[in-house]
Structures are given as structure tokens and as C-alpha cells.
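Q: Sequence unavailable; structure follows:
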């Protein structure tokens, strides 16, 4: 679905004559006649023009935007303040019958709102957010006023909203901390549900991608057999899954005319529809007569277990794809929403209808021309699905969504990056850095060492400096697969480049990229995918994998949740230091990383019970040691060795480009990309560890013995991960050949 943008590029001059002249020419802001202060971004001005002008608080919010921008606050930070204050004022002013911002009072209006005495339907979290942003914005403008000469202070005082008394702020800060604690507890419960399956979910995603790729191959092979006039439709064929085969997928190709005119269906359609199909009119013209796929059934070839089929079949059968989850007859929508909520979609019992598989993007998780006028393919397929026992599948759309979903999952779970950083990945040579190094002297393998790094702009970076995100060969392979999928999608000839598209214009980080057109890997139909589209692809790929909190509440995978899971896995499972994980996550505040990586309540309880049981004989060393910056610097000075993109490590390749804070303990290190080809190195490490464990136990060295036990556990986990990688890589190499069925 194309996004809506305002073609006009707003400037400060668009506010002239529409806000008070004092505000328009405010000193120490963009309006200052000296012209020495930072400008207010066009997006912020556009929001003011479209939404705020003409309201009693227009001058006050405009001044807030000007002062925040002059203080170099991020564009999205300024926007968030406006998008919070303006809607709340729009609700509160009528409640209190206020006509002017000068009537606004902290005690009479803000306090009752915060205490829930008015607009009690607003969630506590929304009230706390309003309070925080109101207080920070008004305090900043008050500080700005203090810098002005006394005469100017008198002029601008009427354009300031009242600040919050510090004692009152202390009262509500307790509420804020409680809300924050509840949100953090909720996030940790969700993280706790994901971490135990952190490795397994990646393997499952690869298997699903492979299965979808084989369906795509079968579909393409069948399309090659369709005659130009479609006279051999419907075309039945099958192919087999498994090595050796364990399932047979039976499929059928249709077009609109063959489906409606088929004896199984013709009697279910209105005679006028059948007549139009025969005469090729309206929705049955040659241009509209597109081919589509039906999976008739999946039969088991080996054993009595039910067939696996496709994980997405129920999504199609339930009619919750795209926007269909929210549209239609009231009773049907209610049934769909009830089913979605059973799976956990629609958090916090929201009254808003859930549409988790709506990418809001043309061609993704939809049938083609879903938004076209007239009789679209989506409408036709929706009615056709009711008239057949099989499953009608938008193969191209699902193939693209699965590809994007797997690439997103791979990068999110191996780097811990944010989704806005994920959106920046492109095929430009300055984004994907290929580094070639000579092999170490004396190594048996003398082939050059090739490493890869992504250079991206992280959140919080105010300059244009790109940061390094090390990636492994699997990530590179998936980027290549995605690029090939896009080449097919765009019908590119050999040598043609992917289209260059602007960063999603309506995204809150788009201002950092100034409309520059780039061959982003996350693009489709010449439009950049935003976080909603990528999240929908991720949810689609992982649908049906069950994650539950300790209280049984279903957990839905989200990009930011995977970031939390990555941090928790690195610190609590791998035992890595928080400062190292903070560097991977590009977090400047270690307290934030501590929150991301702290244990959940259930894990804390289990850890304590385990500790008590073995307290007499063992020492628990799984807790990460948080070192001070001074100690880190000493370690770095002592090591003085670069690692990461230049050094091969045991069992794989290190993707960390910096000093090793893990002291070169590479087994199960999250910064290492495991390589099954180096399995023998881990097995040798395992044998060595077993020998050392026996020696330490014989000598009664408790601490050293426990270290060896932990290393043995890590070796076993890494070998199991290599087994899964070998399995899904082998599965990816399988080539299917369809078996057409002769028409009776």
C-alpha cells in the first residue's frame, strides 16, 4: 500500500502570520534574526501546520518545538512531544471548558488528569507519558527563558506553559517508576519465554523458508507447462517433501475462468457470473484471468503421524491475512478477532482490532491488486476459497514475505540490532564491507580469510558516523537470496541493479537519510519496507511456534523482543560481560543493557534452587561480572590484540570488530558465527575439556572443575546448533521435480 506523504516541504516561513510574531521571531531559535540557530525540521513544522494551528495552545507548542530544535533534540523526539501534548490538550480543554492556554493550570487540570479523576479511560501509561513529556518540554523552555534579558522575559512569559512543582513531580515520579517497573516485568516475562528456544526458532525459520522455496520452485515449474491460451487448466501436479520422501504435496493450477466453469464449482456461482466467465467479460478478460495455486492436500508417505503441511494454512483458512482480519461482516470479524486473541495478538486486551499479518505494503501478505478498484483478485480468491476444500495460496507474496522474515530474524538474532538499523541494510559497497586477509602463518588452510561487516547508523548517534555490525556467512547468503528474489520480482536482466528507493518517508528516522535513494535490501514494489511490514513478515514466518510466559500468557515475537532475547542470551546463557553486550547493542548506558539482559523471575527462582542444592560442593559462576570502565581499559591495554573480522576462531568466525572482552573464550560466544565445517575444532575442544575436568576433579580444584563443566555444556550446545545448521543447509539444497497428473 503506498504511503501518503505531503509533497510540500515545510519551512519556518509557513508559520509566518499563523502564530504570534513574538514566537515566529523568538531569540535563540530558528526565528532569531541572526540566523545562527538550528532550523526546525520540515516534518515538525508540517505537524504543526496540519494539526496544531488555530488551537489555543498553538503558540506554546510552536515555541516548544523551536526551543527543542535549537537545543539539537532529535527530530523524532520533538515530534513525540507534539504528538503527545496536542492530543491530550485536545481532550482536556473541552473537559475543563478552557478557551485559552493561559487558563491551563497544573493543580486544577494536570493533577486531576494524572490522578484519573478525568478521562479515566486513558491508560495509566498514557498519562505518565504525557506527564513526562510535558515536564521535560516546559522545563527546557523555562531554562531558555532564563537566558533572555529581563525585558524579553516579560515578552515571552505568556507563551510558556506552567512548569511542574518539584514536590509534585516527586509524587508522580513514583507512579512513573511503578509503570516502568510493570512494563519491564512484562518484557522480561516475554523474554524469558523466548530465550530457551533462541537457537531452535532460528533453525525452524530456516526449515520453513526451505519449504516455501520448494513450493515456489514447484509453482514455477508448473507455470512453464501452462499453455498460452490456458486451455490445459486446471493443471494438477504433485511433488514430494523429505529425504527420503515422507510427504506428497498435491497441487492444482487454476485461472479465474477455469475455476468458475469447473463442474465442482459452477453450480455454486450465480448464473450471471458463469456467463461472464464463458464470454470473458469484466473480471474474466484475458488481462484479469490470472493463474493461481491451490494446494489440494498433503498426504503422509511414511508412518501414521499427521502430515506437516504448511504452517500458514490456518491463517488462510481463517481469513486473517492482511486487512481481512478487520473487515467484513460483524460476526465474521468478531470470530477472527477472538481466534487471533487466543494466539496472543492484540496486546493488553486492546479494543482495537488486531491485524498481525497486515504488512500495509502492496504485494506482501496479500493477493495482487488488493487495493484496486472493481473486482480485485483478493475478492475473487476470498469467494473461491469458500468453494473449495483445498487452500488457495498467494505464492509470490508468501515467498517474498518468508524471505524478508528470515533475513530479518537472522540479523536481529545474531547482532541484536534495532529494526530501524535493520531497515538501513543495502547493497551499497559502503554498507556491506568485504574484508580479505591473508591466512595466519603456518595454518593448514592457506586460503584467504573473508569477513563481512555492515556499517549502519544506530539510534542515538548524532553524527553521520556509521557503526560496525559483524555478520556471518549465513547472513551474507540470505542477503544474496533476498537480492535474487528481488531480481525476479523486478524482472531484472543480468547486470541490472536493484532499484534505488528513498528511506521510508513516514518513518521516524527518515530525516537522517534526507531522501537519498539507496538499493535497500528490504524493499518491494519499489517502496522501502517499514518496521510494520518487516514485523508482519516476521510474525508470518514464525506463526504457530508457541512461546508462553510462566503464567501461560502467549508471547508474540517482535523485533524489539528479539533484541531483549539476544542480550539476555548473551549475558545469562553465555555469561558474557555487560559492557561487551552494550557495545554490540550500541547502547551508551550500561543500566539500559543491565535491564535488557537481566534474568526473569522464573529463571531467578530456578537458579537459586539449583545454587542451594550444590552449594556444598560447587561454586556458581554463571552470573556475569560487571566490570568498571577502568578494568575494561586495563584489559584492553593488556590484550592489545585486534579480533573479529581479521582472526579465525575455534568453530567458526568472529564477527566482533574490536578488542575481545571475552578473553578469547570463543565457544558459544554470540559474536561468533558458527561454521559446521569447523566442527572438528569444537570436538577437539570438547575432548580437551573432558581431560581437564577429570584432572581438576582428581586434584579437588572446585572452581576450575566447574569452569570445565560449563565449557562442556557450551561445547554440547554449539555442536547441537551446528547439527541444526547442517540439517537446514542440506534441506535447502534439495531440488524438487513436480509430477504432473494426466487429465482424465
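A: Good, I have the coordinates. Just so it is clear, the structure is predicted and the values come from calculations on it, not from any experiment. Numbers count the residues shown, from 1 in each chain.

Q: going forward, measure contacts and count neighbours with C-alpha atoms only.
A: Noted.

Q: So residue 46 is in contact with residue 10, correct?
A: Yes - applying C-alpha atoms under 8 Å, one finds residue 46 in contact with residue 10, separated by 5.8 Å.

Q: Any idea what residue 468 is bridged to?
A: Note on residue 468: beta-bridge partners by DSSP bridges are residue 455.

Q: Tell me who's in contact with it.
A: Listed by C-alpha atoms under 8 Å, 6 or more residues apart in numbering, the contact partners of residue 468 are 453, 454, 455, 456, 657.

Q: can you do 7 Å?
A: Residues near residue 468 by C-alpha atoms under 7 Å, 6 or more residues apart in numbering: 453, 454, 455, 456.

Q: Columns neighbour count and distance to residue 540 on top of the residues you listed, output as CSV?
A: Formatted as CSV, the contacts of residue 468 follow (neighbours: other C-alpha atoms under 10 Å; distance: C-alpha to C-alpha, whole Å):
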residue, neighbour count, distance to residue 540
453, 23, 28
454, 21, 26
455, 21, 28
456, 23, 26
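
Q: any idea which of the residues you listed is least confident?
A: Within the contacts of residue 468, pLDDT reaches its minimum at residue 453, with 85.

Q: Which strand or helix spans it?
A: Per DSSP states H and E, residue 453 falls inside strand 449-456.

Q: which residues sit against that strand?
A: Residues outside strand 449-456 that contact it (C-alpha under 7 Å, 6+ apart): 421, 424, 431-439, 466-472, 645.

Q: From the residues you listed, list just the buried residues.
A: The neighbour-count test (16 or more other C-alpha atoms under 10 Å) marks 421, 424, 431, 432, 433, 439, 468, 469, 470, 471, 472, 645 as buried among the contacts of strand 449-456.

Q: got the residue ranges for the strands in the stretch 201-350 of the chain?
A: Counting by DSSP state E, counting those that start in this stretch, the stretch 201-350 of the chain has strands at residues 235-241, 247-255, 291-300.

Q: out of those, nearest to residue 444?
A: Nearest to residue 444, of all these, is strand 235-241, at 39.4 Å by C-alpha to C-alpha.

Q: partner strands of that closest one, parallel or antiparallel?
A: For strand 235-241, pairing defined by DSSP bridges yields strand 247-255 (antiparallel), strand 739-740 (antiparallel).

Q: Any idea how far the longest one is from the middle of the chain?
A: Relative to its chain's centre, strand 247-255 lies at 33 Å (C-alpha atoms, centre = their mean, to the nearest Å).

Q: Stretch 709-717 too?
A: On C-alpha atoms, centre = their mean, the centre of stretch 709-717 falls 31 Å from the chain's centre.

Q: how about it: buried residues?
A: 709, 710, 711, 712, 714, 715, 716.

Q: Confirm that the third one sits in a helix.
A: Yes - with DSSP: H, G, I helix; E, B strand; the rest coil as the criterion, residue 711 is assigned to a helix.

Q: Setting aside sequence neighbours, what's the nearest residue to residue 650?
A: Nearest residue to residue 650, sequence neighbours excluded (C-alpha to C-alpha, 6 or more residues apart in numbering): residue 681, at 5.9 Å.

Q: if I pick residue 49, what's in contact with it?
A: Contacts of residue 49 (C-alpha under 7 Å, 6+ apart): none.

Q: Residue 142 is nearest to which of the strands of the stretch 201-350 of the chain?
A: Here strand 291-300 is closest among the strands of the stretch 201-350 of the chain (C-alpha to C-alpha), at 63.5 Å.

Q: ok, residues contacting the closest one?
A: Residues outside strand 291-300 that contact it (C-alpha under 7 Å, 6+ apart): 246-255, 306-307, 309, 390-393.

Q: can you give me the angle that strand makes with strand 247-255?
A: Inter-element angle recorded for strand 291-300 and strand 247-255: 160 degrees (by axes from the mean of the first three to the mean of the last three C-alpha atoms, to 10 degrees).
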